[in-house]
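**Student:** model the structure of this input:
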Amino acid sequence: MLADAWVDARPSKVEGLDCMTTINVRYKMNAMTPAKVSLLGDDIGRLEQLLRPLNCDYKMIVEQKNDFGQPRRATFVLNGKITCLLEIVILGDGGPQHVEVARLVLAAGANPNIADKDGVSPLSHANRKRQREIAQLIAGAGGR
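**Tutor:** Numbering: from 1, shown residues only. So this is what the prediction gives:
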């Protein structure tokens with residue numbers, strides 16, 4: 001479970017403007033729920049974009065807004081399960097890198113049957129997204 005997250009972004013000058021060429025998102029995992037993550041600015045929207053397709057049970061507590069009424073600082077409280085296998089399938093494209101990562105996490109003992117909050121399994125998501133190789137790996141590991 002996501003326990004703590006932060007972003008490391010270092011601007012560089014491109015044609016006289018500060019630009020982000022690399023943004024590193026770092027996080028810690030913890031099995032305890034609920035997990036709490038506090039974020040600033042654009043990172044709030046990015047985390048929402050990541051959580052929505054995972055169908056994760058979360059609540060966003062807006063602590064500060066900017067002059068336009070948009071969240072500037074917010075804390076997310078995650079109550080549901082987020083597993084790496086769900087992330088690979090839902091956020092991935094089923095390409096060779098995602099297939100390899102799925103193979104590795106399943107070989108390391110990842111449970112192929114941990115579903116999202118609506119009870120949809122990784123195998124069901126993989127079949128829906130036509131990720132045939134990943135679906136075969138999940139089924140081969142006992143996924144239903």
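**Student:** please report how far the residue nearest in space to the middle of the chain lies from residue 132.
**Tutor:** What sits nearest the mean C-alpha location of the chain, by CA atoms, centre = their mean, is residue 50, with 4.9 Å. In this view, residue 50 and residue 132 are 24 Å apart by CB to CB, to the nearest Å. Glycine gets a C-beta too; all of them are placed from N, C-alpha and C.
**Student:** one more: residue 70?
**Tutor:** Distance, residue 70 to residue 132, by CB to CB: 41 Å.
**Student:** so the closest residue to residue 61 other than its chain neighbours bridges to which residues?
**Tutor:** Using CB to CB, 6 or more residues apart in numbering and skipping the chain neighbours, the partner closest in space to residue 61 is residue 75 (4.7 Å). Under DSSP bridges, the beta-bridge partners of residue 75 are residue 38, residue 61.
**Student:** these two touch, right, residue 75 and residue 44?
**Tutor:** No - the criterion here is CB atoms under 8 Å, and residue 75 misses it with residue 44 at 9.7 Å.
**Student:** list residues touching both of the two?
**Tutor:** Shared contacts of residue 75 and residue 44, defined by CB atoms under 8 Å, 6 or more residues apart in numbering, comprise residue 60.
**Student:** which of those two has more residues huddled nearby?
**Tutor:** Counting neighbours by other CB atoms under 10 Å for residue 75 and for residue 44 shows that residue 44 has the greater number, 21 against 14.
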